[in-house]
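K.L.:
Sequence and predicted structure are below.
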Amino acid sequence: MKCDWVQQNILFYVYNELEDDARYEVEQHLARCPECATELKATRKFHATLSETVAEPTPNLLAASRMRLQEALETTRQGGFWHRLVLEPATWLRQVRMSPALAAVIFIVGFGGGIGATYNFLAGHGSEVAGTYSTVSGSQAQPVDSASIAGIRSVTQEPGSNQVSIKYDTVSTQEAQGSLNDQRIQQLLLFAARNNYNSGVRMDSVDVLTQAPNDANVREALLYALQNDSNPGVRLKALDGLSGFVKQDPLVRDGVLRALIGDSNSGVRLQALRLVEPMKTDSNVRSVLTRLSQTDQNVSIRSQARTMLAQMPEMD
């Protein structure tokens, strides 16, 4: 094995970024090559110095970063160069061919930039970092900026009332309390229904939102959950909240029909079929039912669609 290949990969060896077979080959070469062994010693010294110099991020910053990453993973279509660059560092690091000195410069610049960005971020949000947890009343607080929210931790409603308590994270965990009529509470519920990384919190948010479906923004959020949420339980909750608007709102009707045609969960599709049954004489509904009765792979849905068509009056 050539020394230049080993020296190009020593940094990856120190950071445990080599495949097992490549790591074994490097170790075998290092055992018999004093020059490469000296290079390894220098690289490890650099790694130890860097570890002592770079400050550890705060737990709050780590939590916020992890939640933002989880949300991005759930909502971003994966693939392509940037996906490999950001989410598969081991792969692109192995593809780089450079000297250890240049690699060291890149790592130093990266860590330095991260420290600078962290300092600026924390300096601009000092009031948020000052306390790790705070509680505000929905009627007393200004409307929340959804761009500053890292995630919603929990949504709870007091039994027998319309009072809602929502814990959410920016850099620190905060809590807002108020009625369903409070603008801040509504904003947080809409954010949780669309963006939160925790499917249980999305379920709770949609469940509360179903109590106020008359609001156009709420119906929009329920339609979004119906069409995009990865949890079938959340989609079923959204259907329940939209059930009273299938007749009067064309957007709701079309959203329910899309779920009936394309949802991956048979339970969601069957519930959508029940919701459109009162509208079986509608031309769009009739067209979808005809299609389902002829070609749908689900026997139950195909059978029910045929039954609904048979019960329709003849159309001139």
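P.N.:
The structure has been received and is ready for your questions. Residues are numbered from 1 along each chain as shown.
K.L.:
Could you check the pLDDT of residue 108?
P.N.:
Looking at residue 108, its pLDDT is 53.
K.L.:
Equivalent analysis for the one 5 residues further on, please.
P.N.:
What the model reports for residue 113 is a pLDDT of 53.
K.L.:
Same check on residue 7?
P.N.:
pLDDT, residue 7: 84.
K.L.:
Residue 121 now?
P.N.:
At residue 121, pLDDT is 47.
K.L.:
same check, this time on residue 138
P.N.:
For residue 138, the predicted pLDDT is 51.
K.L.:
What is the neighbour count of residue 295?
P.N.:
Using other CB atoms under 10 Å, residue 295 has 8 other residues around it. In short, each C-beta sits where N, CA and C put it, glycine included.
K.L.:
scratch that, residue 266 is what I was asking about
P.N.:
13.
K.L.:
show me what contacts it?
P.N.:
298, 300-301 (CB atoms under 8 Å, 6 or more residues apart in numbering).
K.L.:
Of the residues you listed, just the buried ones, ChimeraX syntax please.
P.N.:
Remark: buried members of the contacts of residue 266, expressed as a ChimeraX selection using 16 or more other CB atoms under 10 Å:
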select :301
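K.L.:
What is the nearest of the contacts of residue 266 to residue 211?
P.N.:
residue 301 (29.7 Å; CB to CB).
K.L.:
Contacts only, for that closest one.
P.N.:
Applying CB under 8 Å, 6+ apart, we find residue 301 in contact with 266, 269-270, 273, 292.
K.L.:
Repeat that for residue 185.
P.N.:
Per CB under 8 Å, 6+ apart, neighbours of residue 185: 138, 164, 166, 176-179.
K.L.:
which of the residues you listed are buried?
P.N.:
Judged by 16+ other CB under 10 Å, buried ones among these: 138, 164, 166, 176-178.
K.L.:
Columns secondary structure and distance to residue 218 on top of those residues, output as TSV?
P.N.:
Converted to TSV, the buried ones among the contacts of residue 185 look like this (DSSP: H, G, I helix; E, B strand; the rest coil; distance: CB to CB, whole Å):
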residue	secondary structure	distance to residue 218
138	coil	16
164	strand	13
166	strand	15
176	strand	17
177	strand	19
178	strand	16
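K.L.:
picking that back up, quick one: which of the contacts of residue 266 sit in strands?
P.N.:
Counting by DSSP state E, no part of those is found in strands.
K.L.:
quick one on the thing from earlier: what about the contacts of residue 301, which are in helices?
P.N.:
Among the contacts of residue 301, the members falling in helices (DSSP state H) are 266, 269-270, 273, 292.
K.L.:
any idea which of these is closest to residue 170?
P.N.:
Nearest to residue 170 among these, with distances taken as CB to CB, is residue 269, at 38.4 Å.
K.L.:
The closest one: what's it in contact with?
P.N.:
259-260, 263, 298, 301.
K.L.:
shaky segments in the protein?
P.N.:
The chain contains residues with pLDDT under 70 at 1, 51-148, 150, 171-172, 196, 313-316.
K.L.:
next one: phi and psi at residue 265?
P.N.:
Torsion angles at residue 265 (phi, psi; degrees, to the nearest 10) stand at phi -110, psi 130.
K.L.:
Report whether the expected contact of it with residue 234 is present.
P.N.:
No: the pair residue 265 / residue 234 is not scored as a contact, 10.7 Å apart, by CB atoms under 8 Å.
K.L.:
These two - which one has more neighbours?
P.N.:
residue 234 (25 against 14).
K.L.:
For my notes, confirm that one occurs in a helix.
P.N.:
Yes: counting by DSSP: H, G, I helix; E, B strand; the rest coil, residue 234 is part of a helix.
K.L.:
who's in contact with it?
P.N.:
Neighbours of residue 234 in contact, by CB under 8 Å, 6+ apart: 199, 202-203, 206, 225.
K.L.:
Identify the residues contacting residue 24.
P.N.:
So residue 24 contacts nothing (CB under 8 Å, 6+ apart).
K.L.:
what about it, distance to residue 6?
P.N.:
12 Å (CB to CB, to the nearest Å).
K.L.:
Perfect, that will be all.
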